[in-house]
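>>> compute the structure for the input listed below.
(one chain, ligands or ions: 1)
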Amino acid sequence: MSPLLHARDVTKTFGRTQALRGASLTIEAGEVVAISGPSGSGKSTLLHCLAGIVTPDEGEIHYGETRLDELDEDARTRLRREAFGIVFQFGGLVPELTAEENVAVSLMFGGAGRAEASETAREWLDRVGVGDCASLRPGELSGGQAQRVALARALATEPTVVFADEPTGALDSVAGEEVLGLLLGVARERGATVVLVTHDNRIAAFADREVVVRDGVVTEVPAVTR
Ligand SMILES: Nc1ncnc2c1ncn2[C@@H]1O[C@H](COP(=O)(O)OP(=O)(O)OP(=O)(O)O)[C@@H](O)[C@H]1O
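Numbering: from 1, shown residues only. From the prediction side, this is the model:
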């Protein structure tokens with residue numbers, strides 16, 4: 001059986017900065033993998049390559065049998081909407097839309113009708129503990145509430161893979177662990193795969209496996225040192 005996600009010898013350069021210098025990583029279906037490492041080492045770039053947001057200069061990205069890096073932009077966008085949920089450090093919510101609309105829109109992109117999308121959005125907001133914030137806009141939410149809405153948006157489409165880039169980075173440690181607990185609880189219940197970028201050892205400890213990115217290259221962290 002092929003792995004769910006596989007990056008092979010990936011390089012990516014931005015201007016004169018070589019963010020990835022031959023990064024390889026294999027992730028099996030249902031795994032929760034933390035990507036840690038120093039600031040600027042290439043963690044987010046690797047996550048973005050795996051999620052089909054950034055195209056590598058060289059190397060390969062496989063999602064199951066699909067070569068993600070060879071798909072055109074439309075096909076990659078379709079795949080992201082169908083199979084991936086993405087959570088960013090600052091939520092990335094649309095400021096003009098209410099919490100409910102932020103979640104509903106991602107469901108409507110996937111083909112749901114407005115009424116069905118609104119109902120599912122409300123269920124997910126309830127599930128992550130912010131049902132009473134449904135009609136508020138992101139500017140009216142606390143950081144922890146906004147991140148829960150972002151989580152509801154990422155999970156509502158029932159993705160195969162959830163990519164999370166420092167999802168707890170803007171929160172205090174209690175709120176951060178609550179958001180992470182919700183994410184991992186839902187993912188483990190559904191057998192979803194989670195790829196999580198974090199520089200926080202306590203957060204990485206919740207993962208099944210931790211890898212470290214240093215100078216654009218991935219190294220495995222042996223289980224005994226965790
Ligand atoms: N879009 C971009 N344009 C220019 N440089 C970029 C871009 N994205 C990343 N970089 C650079 O590539 C390098 C790796 O960045 P990346 O965000 O992947 O690191 P990181 O390990 O996630 O860092 P941090 O923990 O600080 O978020 C950095 O030097 C960064 O400045």
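>>> for the helix or strand where E100 lies, which outside residues touch it?
Here E100, judged by DSSP states H and E, is contained in helix 99-109. Taking contacts as CB atoms under 8 Å, 6 or more residues apart in numbering, the residues outside helix 99-109 that touch it are 81, 93-94, 97, 112, 114, 116-118, 120-122, 124-125, 130, 133-138, 141, 145, 149-150, 152-154, 156-157. The way it works is simple: take the backbone N, C-alpha and C, and place the C-beta from them, glycine included.
>>> would you list the buried entries among the residues you listed?
93, 112, 117-118, 120-122, 124-125, 130, 133-134, 136-138, 141, 145, 149-150, 152-154, 156-157 (16 or more other CB atoms under 10 Å).
>>> which of the residues you listed fall in helices?
117-118, 120-122, 124-125, 145, 149-150, 152-154, 156 (DSSP state H).
>>> greatest separation within these: which pair is it?
A117 and Q145 (20.5 Å; CB to CB).
>>> show me what the helix or strand bottoming out on mean pLDDT in the chain is packed up against.
Among the helical and strand segments of the chain, the one scoring lowest on mean pLDDT, DSSP states H and E is helix 201-204, with a mean of 84. Other helices and strands packing on helix 201-204, by 3 or more CB pairs under 8 Å, 6 or more residues apart in numbering; DSSP states H and E, are strand 32-36, helix 173-190.
>>> return the most buried member of those.
Using mean count of other CB atoms under 10 Å, the stretch among those with the largest mean neighbour count is strand 32-36, at a mean of 23.
>>> average pLDDT for it?
Strand 32-36 shows an average pLDDT of 95 in the prediction.
>>> got the contact list for stretch 167-180?
Around stretch 167-180, the neighbours that count as contacts under CB under 8 Å, 6+ apart are 87-91, 143-144, 147-148, 150-151, 183, 196, 198-200, 202-203, 206.
>>> alright, that wraps it up for me.
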